Structure formats: structure tokens, C-alpha cells
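Undergrad: Sequence first, predicted coordinates after that:
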Amino acid sequence: MTIAQNVRSYLRNKPYLLEALEKGIVNLSELSRQIQEDLKTDNTSAVKAALRRYSEELQKHKQKREEKVLQLLRRSGIAVYDRKAVMITGKEIDTKKGMKVDLLDKHVYLIDRKDMPERISALDKHDNCTMIVIHSPEELEATPGVVAFLATLLAEQNINIIEFISCWTETIMVVEKKDSLKAYEVLSNMIG
């Protein structure tokens, strides 16, 4: 393997470094010294040259990917549903409304607060939530980076997503009630 291939392989599983390279905010000299040590190579200039080329490539790719994501989101709609609850149980419960996701040994329910059973042993529950649904065109399924973009957008505003479900053209995010207005503002400004 060439040094350039080794550098790319090294960076492949380091998403924060890749993001810094995409944004052009990393000191290439310092990073190349660190990579050189980790890869145990003596050729600093080759590592730095590989980093520079890869960084430029990532920046072009990111710009195209981000443009596609933004174009898709601008054609999307947003809806907010208040008074929701999330409950995770070890046993199935009978609910006529809401959403249910079966995991191996758990069941996740997204239901109206008023429909939450009182006498159920829950592994975890959040009973003061807001569900935000983004309805997108069908190209959502074939557009990489939409889910990552939305999650990062909210994370940068210190908004925690309690549950996140992506189904075909619907992206469903559940947040605490206290974060709902801020989350809606951030997402609606992006969607337009």
C-alpha cells in the first residue's frame, strides 16, 4: 500500500478528523506528524501531501453532498405533534394508537401521553415529549447524509433527540418538550 492509501485508510474511521479536513480547519502539518507516528513512516512530506489532496477531495465531495441534502430538505415539509410519550418495555403492551418498534428483547412505543398505561413496568420512559416529522420527497431514500445532517444540526444547538426513526419519506424525531420550540425553529429555518 502507498502512503496515500495508508493515510486514507487511517482516516476512514475517524469521523471528526474527516469533518475537520472537509471544513479545512485542521493544521495539516501537525496532523501529518501524528499520522506519521501512528503509521510508523519517516516520510512527513508524503503524508502531508496525501492529507492535502484528500482534504481537497473531501471538501469538493462535501459541498456536492450538502447541496443535494439542502435541495431535498427545501422541498420537505415539517409537522409538530405535542403531548407525546416514549416508553421502552420488556413486554408488549396493548396500544391501539401510536407507533411501535420491536427490538430483540424490547419494545419501543411512541404514543400520546393520555394513552400511556399507568401500571406498566417500563425500562425507560419520557412522558413530556414533542414529535417532529419531516416529510420529504421520495429521493430521501437515495440521498446520503440527510439523517446525519439533521442530527448534527440539532446536536450543534445542544438539543437531544430521544428517538429517531427514518421510514421511507418520513423522518421522525422526538425531543423533550423544553427543546421543542428551539428544534422546530432550527429545522424550519433549514427547510424554509
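TA: The structure has been received and is ready for your questions. Numbering: from 1, shown residues only.

Undergrad: where's residue 184 relative to residue 125, distance?
TA: 23 Å (Cβ to Cβ, to the nearest Å). All C-beta atoms are positioned from the backbone trio N, CA, C, and that covers glycine.

Undergrad: For stretch 143-158, list every residue counted as buried.
TA: Across stretch 143-158, burial judged by 16 or more other Cβ atoms under 10 Å covers 143, 146, 149, 150, 153, 154.

Undergrad: and the first one, how far is that from residue 15?
TA: The reference is to residue 143. 19 Å.

Undergrad: Domains in the chain, by residue range?
TA: According to automatic domain parsing, the chain comprises the domains 3-63, 75-191.

Undergrad: hmm, back to that, which two of the buried residues of stretch 143-158 have the greatest separation?
TA: 143 and 154 (18.4 Å; Cβ to Cβ).

Undergrad: tell me what the strand or helix carrying residue 65 is packed against?
TA: Assigned by DSSP states H and E, residue 65 falls within helix 44-74. Here helix 44-74 touches helix 3-12, helix 15-23, helix 28-39, helix 146-155, helix 177-191, going by 3 or more Cβ pairs under 8 Å, 6 or more residues apart in numbering; DSSP states H and E.

Undergrad: let's see 6 Å
TA: The contact analysis (3 or more Cβ pairs under 6 Å, 6 or more residues apart in numbering; DSSP states H and E) places helix 44-74 against helix 3-12, helix 15-23, helix 28-39.

Undergrad: Any buried residues in it, and which?
TA: Going by neighbour count (16+ other Cβ under 10 Å), the buried part of helix 44-74 is 46-51, 54-55, 58, 62, 65, 68-69, 72-73.

Undergrad: what sits against residue 133?
TA: 79, 170, 172 (Cβ atoms under 6 Å, 6 or more residues apart in numbering).

Undergrad: one step back: could you work out which of the helices and strands packed on helix 44-74 reaches nearest to residue 166?
TA: Of all the helices and strands packed on helix 44-74, helix 15-23 comes closest under Cβ to Cβ, at 18.8 Å.

Undergrad: So which bits of the closest one are buried?
TA: Neighbour counts over helix 15-23 (16+ other Cβ under 10 Å) mark 17, 18, 20, 21, 22 as buried.

Undergrad: Let me know the closest of these to residue 89.
TA: Using Cβ to Cβ, residue 18 comes nearest to residue 89 of the buried residues of helix 15-23, at 37.9 Å.
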